[in-house]
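Peer 1: got a predicted structure here, sequence first:
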Amino acid sequence: MSNLADYFAKNRYHPSYTIGDRVFGHWNKIPFVGTVGNDSVVNEEEGPVISVLLDLPILHKEKIHNIVKVKHKDIKPLISF
């Protein structure tokens, strides 16, 4: 029987972004720039989710958001301004 490290290396999610990567994207049709905080899978139904710490807060539905959770399709690496 193989060990747990081999199992997770073969069968589990491998992140596309690392902590500290700069990204640009849209959340609820609002553009943002921020830093990746986490790229992981919390549950299999939702799939991989990235939490992004925003450079500037976003006001959405009368609530201020400093951190947003987005899918991979909603963001791109920030190369330059």
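Peer 2: That came in fine, so what should we check first? Numbers count the residues shown, from 1 in each chain.

Peer 1: so for the helix or strand bottoming out on mean pLDDT in the chain, what gets flagged as buried?
Peer 2: Averaged element by element with mean pLDDT, DSSP states H and E, the chain has its least confident helix or strand at helix 4-11 (a mean of 85). For helix 4-11, burial by neighbour count (16 or more other CB atoms under 10 Å) applies to no residue. For every residue, glycine as well, the C-beta is placed using N, CA and C.

Peer 1: what's in contact with the helix or strand that comes right after it?
Peer 2: For helix 4-11, the following helix or strand on the C-terminal side (DSSP states H and E) is strand 22-27. Applying CB atoms under 8 Å, 6 or more residues apart in numbering, the contact partners of strand 22-27 are 17, 31-36, 50, 52, 58, 60, 65, 68, 70, 74-78.

Peer 1: and the buried ones among those, selectable in PyMOL?
Peer 2: PyMOL command restricting the contacts of strand 22-27 to the buried ones, with burial defined by 16+ other CB under 10 Å:
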select buried, resi 17+32+34+35+36+50+52+58+65+68+70+74+75
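
Peer 1: filter the contacts of strand 22-27 down to the ones in strands?
Peer 2: When DSSP state E defines the strands, the subset of these inside them is 31-36, 50, 52, 58, 60, 65, 68, 70, 75-77.

Peer 1: among these, which pair sits farthest apart?
Peer 2: Maximum pairwise distance in the ones in strands among the contacts of strand 22-27, criterion CB to CB, is 23.7 Å, between H60 and P77.

Peer 1: low-confidence stretches in the chain?
Peer 2: 1-2, 81 (pLDDT under 70).

Peer 1: look up how far N3 lies from the residue most central in space within it.
Peer 2: In the chain, the C-alpha nearest the mean C-alpha coordinate belongs to I50, at 1.4 Å (CA atoms, centre = their mean). Between I50 and N3 the computed distance is 29 Å (CB to CB, to the nearest Å).
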